[in-house]
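>>> Sequence and predicted model, in that order:
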Amino acid sequence: MVAFWIAHVTVTDEEVYGEYAKRATKAVQGHGGRFLARGGRHVTKEGTDHARNVVAEFPSFEAAVGCYESPEYQEALTYALRSSERHLSIVEGA
């Protein structure tokens, strides 16, 4: 069963966040993931609006969690934490 990363992000430093995005892409792809949505048009109907919304699909819940916990993603995350306010959930698909 597939799983998804669902992230809502407000970028505070574009340059540093760009480094995160580059590194995170490699980590996600290395764990069998692919991006379904990465930015783009959106409308927030409930809750706090974030300018950037991301959905990545993984082949399994374990792959999604494993990617997040991997050393390469944790390194990428140091850039995100310095350059954005974000919420990320890992959700198993139906």
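That came through, no problem.
>>> ok, and for the lengthiest helix in the chain, which residues are buried?
Secondary structure of the chain per DSSP state H: the longest helix is helix 14-30. Of the residues in helix 14-30, 16-17, 19-21, 23-25, 27-28 count as buried by neighbour count, 16 or more other CB atoms under 10 Å. Using the backbone N, CA and C atoms, a C-beta is placed for each residue, glycine as well.
>>> quick one: which of those residues is nearest to E75?
R23 (6.5 Å; CB to CB).
>>> contacting residues around the closest one?
By CB atoms under 8 Å, 6 or more residues apart in numbering, the contact set of R23 is 72-73, 75-76, 79.
>>> and the gap between it and V2?
For R23, the distance to V2 (CB to CB, to the nearest Å) stands at 23 Å.
>>> Over to A27?
Taking CB to CB, one finds A27 at 18 Å from V2.
>>> re earlier: quick check: next helix or strand after the longest helix of the chain?
Using DSSP states H and E, the helix or strand that follows helix 14-30 towards the C-terminus is strand 34-38.
>>> ok, and for that next one, which residues are buried?
Quick answer for strand 34-38 (16+ other CB under 10 Å): A37.
>>> Just give me how far it sits from the chain centre.
On the basis of CA atoms, centre = their mean, to the nearest Å, strand 34-38 sits 9 Å off its chain's mean C-alpha point.
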